[in-house]
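Peer 1: this is the structure alone, sequence omitted:
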């Protein structure tokens, strides 16, 4: 407990590889409603921000995006070397069963991240019960908080039971 | 690398962490939770205060007393998650951005009157859900076009109301 969180993040025991998945319509980031998505300029900007932040903590980020759910399923099924996932599934939060099942089969921790608080619609995400974690409503800043929390927990061995 | 390196602002926001009924055992199991929170806050360059109570009325009074100096709330409603209407009112009345926090996603998956009502959600990363929520909230407070209380653009949400995708 005396060590700072940065000490615990900058571990030399294991270099984690975390996939950053962005799903449907996220390729349009920058042109979408700024009330929901804020001022970030593009999906590339978001992927670069997360990748650069990961590099600062000694974590490799593998960024992938597609407007086709099947591509996300293919990626998850082929991601044997990935330790954990962060995914913004876009509109798939409402019915993305194939993606959810792919995560269940992969057996790796994944965190669902959204710019907006999806729960404010009154509905529940199909991923909530399968996901390790959920971050919503912080716009793009939620990706950064999630990345730090995820890495800190992985370093502490908190998420290995999944 | 320090957590403050994530920021482009050095405002010392005051974040209030609230833990409701039935959360004491989980918090005590972490060790010295207050020390942990203050370590994170120091590294980010913000102030933090923590209040846990099994009594809803005490949490309400703590919120009433702290709203003038608080810039945001991180709230684990614990046993009040489905029934704490008065706590929900106190948070809405505060007009401060609020994130719910849950240790495990099983808690988020249960019926909640808070999840649809608050600005943000940080759930499932065990006690690091508080760290994830803290970092995200501070970065969002730094942004004039998001949660910064000095911001006045159309996209500013510092009054704490979530933007529904259906509105």
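Peer 2: Everything's here; your move. Bear in mind that the values here come from a model prediction, so they are computed numbers and not experimental data.
Peer 1: and residue A:35, how many neighbours?
Peer 2: Using other CB atoms under 10 Å in any protein chain shown, residue A:35 has 14 neighbouring residues. In short, each C-beta sits where N, CA and C put it, glycine included.
Peer 1: how about the strands in chain A?
Peer 2: Using DSSP state E, the strands of chain A run over residues A:17-24, A:60-65, A:84-90, A:110-114, A:133-136.
Peer 1: and the first one, which strands flank it?
Peer 2: When pairs are called by DSSP bridges, strand A:17-24 turns out to pair with strand A:60-65 (parallel), strand A:84-90 (parallel).
Peer 1: again, but for the fourth one
Peer 2: According to DSSP bridges, the neighbouring strands of strand A:110-114, each with its direction, are strand A:84-90 (parallel), strand A:133-136 (parallel).
Peer 1: thinking again about what came up before, just name the most buried of the strands paired with strand A:17-24.
Peer 2: Compared across those, strand A:84-90 shows the largest average neighbour count, a mean of 24 (mean count of other CB atoms under 10 Å in any protein chain shown).
Peer 1: what separates it from the chain centre, distance-wise?
Peer 2: 4 Å (CA atoms, centre = their mean, to the nearest Å).
Peer 1: average pLDDT across that strand?
Peer 2: Here strand A:84-90 scores 97 as its mean pLDDT.
Peer 1: name the residues that touch it?
Peer 2: Residues outside strand A:84-90 that contact it (CB atoms under 8 Å, 6 or more residues apart in numbering or on different chains) are A:16, A:18-26, A:50, A:72, A:76, A:79, A:96, A:99, A:103, A:106, A:108-115, A:127, A:132, A:143, A:146-147, A:150, A:154, A:159.
Peer 1: so what pLDDT did residue A:160 get?
Peer 2: 72.
Peer 1: an error on my part: the question was meant for residue B:155.
Peer 2: So residue B:155 comes in at 90 (pLDDT).
Peer 1: hmm, back to that, between the strands paired with strand A:17-24, which one is closest to residue B:8.
Peer 2: Closest to residue B:8 of those is strand A:60-65 (CB to CB; 20.5 Å).
Peer 1: quick revisit: now distance to residue B:64 too, for the strands of chain A, in a markdown table please.
Peer 2: As requested, the strands of chain A are exported to a markdown table (distance: least, CB to CB, whole Å):
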| stretch | distance to residue B:64 |
| --- | --- |
| strand A:17-24 | 41 |
| strand A:60-65 | 43 |
| strand A:84-90 | 37 |
| strand A:110-114 | 31 |
| strand A:133-136 | 27 |
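Peer 1: these: which one's closest to residue B:105?
Peer 2: Across the strands of chain A, residue B:105 has its closest neighbour in strand A:133-136 (5.9 Å, CB to CB).
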